[in-house]
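**Q** sequence isn't available, so here's the structure alone:
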(Lines give C-alpha, C1' and ligand atoms only; values in the text may rest on other atoms or scores of the structure.)
Protein backbone atom coordinates (compact mmCIF):
# COMPACT_ATOMS: atom_id res chain seq x y z
CA UNK A 1 0.00 0.00 0.00
CA UNK A 2 1.38 3.39 -0.97
CA UNK A 3 0.60 6.39 1.20
CA UNK A 4 0.56 9.32 -1.21
CA UNK A 5 0.70 12.84 0.17
CA UNK A 6 -0.64 15.21 -2.50
CA UNK A 7 0.53 18.80 -2.62
CA UNK A 8 -1.86 21.72 -3.13
CA UNK A 9 -1.09 21.94 -6.85
CA UNK A 10 -2.28 18.36 -7.35
CA UNK A 11 -5.54 19.08 -5.50
CA UNK A 12 -6.01 22.27 -7.49
CA UNK A 13 -5.37 20.55 -10.82
CA UNK A 14 -7.66 17.63 -9.99
CA UNK A 15 -10.50 19.97 -9.01
CA UNK A 16 -10.04 22.41 -11.90
CA UNK A 17 -11.87 20.31 -14.51
CA UNK A 18 -14.43 17.55 -14.02
CA UNK A 19 -12.40 15.35 -16.39
CA UNK A 20 -8.94 16.26 -15.07
CA UNK A 21 -6.28 13.61 -15.55
CA UNK A 22 -5.15 13.93 -11.93
CA UNK A 23 -8.48 12.40 -10.84
CA UNK A 24 -6.88 9.09 -11.73
CA UNK A 25 -5.07 9.15 -8.38
CA UNK A 26 -8.37 8.88 -6.52
CA UNK A 27 -9.13 5.55 -8.19
CA UNK A 28 -5.75 3.82 -7.99
CA UNK A 29 -5.78 0.49 -6.14
CA UNK A 30 -3.52 -0.02 -3.13
CA UNK A 31 -3.17 3.72 -2.57
CA UNK A 32 -4.25 5.96 0.27
CA UNK A 33 -4.29 9.65 -0.60
CA UNK A 34 -3.52 12.17 2.09
CA UNK A 35 -2.92 15.88 2.40
CA UNK A 36 -2.94 18.56 5.08
CA UNK A 37 -5.29 21.43 5.85
CA UNK A 38 -2.38 23.72 5.00
CA UNK A 39 -2.49 22.39 1.42
CA UNK A 40 -6.30 22.51 1.25
CA UNK A 41 -6.36 26.11 2.50
CA UNK A 42 -3.78 27.08 -0.11
CA UNK A 43 -6.09 25.77 -2.84
CA UNK A 44 -9.14 27.45 -1.32
CA UNK A 45 -7.34 30.81 -1.35
CA UNK A 46 -6.89 30.45 -5.10
CA UNK A 47 -10.32 29.15 -6.12
CA UNK A 48 -13.37 31.35 -6.44
CA UNK A 49 -15.45 29.32 -8.93
CA UNK A 50 -18.30 27.47 -7.17
CA UNK A 51 -18.05 24.37 -9.38
CA UNK A 52 -14.32 24.03 -8.78
CA UNK A 53 -14.84 24.50 -5.03
CA UNK A 54 -17.51 21.78 -5.05
CA UNK A 55 -15.20 19.38 -6.87
CA UNK A 56 -12.41 20.23 -4.41
CA UNK A 57 -14.69 19.56 -1.44
CA UNK A 58 -15.61 16.19 -2.96
CA UNK A 59 -11.94 15.29 -3.38
CA UNK A 60 -11.13 16.37 0.16
CA UNK A 61 -13.83 14.05 1.54
CA UNK A 62 -12.07 11.21 -0.29
CA UNK A 63 -8.62 12.20 1.00
CA UNK A 64 -7.22 11.62 4.48
CA UNK A 65 -6.41 14.93 6.14
CA UNK A 66 -3.30 14.50 8.25
CA UNK A 67 -1.91 16.57 11.09
CA UNK A 68 0.52 19.35 10.37
CA UNK A 69 4.15 18.39 10.80
CA UNK A 70 6.97 20.05 12.66
CA UNK A 71 8.87 22.20 10.18
CA UNK A 72 11.97 21.61 12.29
CA UNK A 73 11.87 18.08 10.80
CA UNK A 74 12.75 19.65 7.45
CA UNK A 75 16.48 20.37 7.38
CA UNK A 76 17.54 23.89 6.48
CA UNK A 77 20.13 22.34 4.19
CA UNK A 78 17.37 21.25 1.79
CA UNK A 79 17.03 24.84 0.60
CA UNK A 80 13.26 24.40 0.49
CA UNK A 81 11.22 27.60 0.43
CA UNK A 82 9.60 28.45 3.78
CA UNK A 83 6.06 28.09 2.37
CA UNK A 84 6.80 24.52 1.25
CA UNK A 85 8.33 23.25 4.48
CA UNK A 86 4.90 22.56 6.07
CA UNK A 87 4.00 20.34 3.10
CA UNK A 88 7.08 18.14 3.47
CA UNK A 89 6.81 18.22 7.28
CA UNK A 90 3.20 16.96 7.15
CA UNK A 91 4.17 14.18 4.71
CA UNK A 92 6.99 13.13 7.04
CA UNK A 93 4.77 13.16 10.13
CA UNK A 94 2.08 11.13 8.32
CA UNK A 95 4.73 8.59 7.29
CA UNK A 96 3.78 9.00 3.64
CA UNK A 97 5.67 6.80 1.23
CA UNK A 98 5.53 9.51 -1.44
CA UNK A 99 5.01 13.24 -1.76
CA UNK A 100 3.50 14.03 -5.15
CA UNK A 101 3.92 17.57 -6.40
CA UNK A 102 4.09 19.35 -9.70
CA UNK A 103 5.97 22.25 -8.11
CA UNK A 104 9.17 22.02 -10.14
CA UNK A 105 10.32 25.49 -9.05
CA UNK A 106 10.43 24.76 -5.32
CA UNK A 107 10.62 20.95 -5.11
CA UNK A 108 12.45 20.24 -8.39
CA UNK A 109 15.87 19.74 -6.81
CA UNK A 110 14.30 17.12 -4.53
CA UNK A 111 12.54 15.07 -7.24
CA UNK A 112 13.63 11.46 -6.95
CA UNK A 113 15.08 11.95 -3.47
CA UNK A 114 13.86 10.28 -0.31
CA UNK A 115 13.70 12.69 2.63
CA UNK A 116 13.09 11.09 6.04
CA UNK A 117 11.36 8.16 4.33
CA UNK A 118 9.27 10.20 1.87
CA UNK A 119 10.07 9.87 -1.84
CA UNK A 120 9.37 13.15 -3.65
CA UNK A 121 8.06 12.70 -7.17
CA UNK A 122 6.14 14.40 -9.94
CA UNK A 123 2.79 12.68 -10.46
CA UNK A 124 3.81 11.46 -13.93
CA UNK A 125 6.95 9.82 -12.49
CA UNK A 126 4.90 8.01 -9.86
CA UNK A 127 2.47 6.69 -12.50
CA UNK A 128 5.32 5.65 -14.80
CA UNK A 129 7.08 3.79 -11.97
CA UNK A 130 3.83 1.97 -11.08
CA UNK A 131 3.57 0.41 -14.53
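**A** Received it, and whenever you're ready, just let me know what you need. None of the values given here were measured: they were computed from a predicted structure.
**Q** what pLDDT does the model give residue 2?
**A** Predicted confidence (pLDDT) at residue 2: the value is 95.
**Q** identify the bridge partners of it.
**A** Beta-bridge pairing for residue 2 (DSSP bridges): residue 31.
**Q** which element is residue 89 on?
**A** Following DSSP states H and E, one finds residue 89 within helix 85-93.
**Q** neighbouring contacts of that helix?
**A** 5, 7-8, 34-36, 38-39, 66-71, 73-74, 78, 80, 99, 101, 115-118, 120 (C-beta atoms under 8 Å, 6 or more residues apart in numbering). To be clear about C-beta, it is placed using only N, CA and C from the backbone, and glycine gets the same treatment.
**Q** show me which of those are buried.
**A** Burial by neighbour count, 16 or more other C-beta atoms under 10 Å: within the contacts of helix 85-93 this picks out 5, 7-8, 34-36, 39, 66, 69, 71, 74, 80, 99, 101, 115, 118, 120.
**Q** inside helices: which ones of the contacts of helix 85-93?
**A** 8, 38, 39 (DSSP state H).
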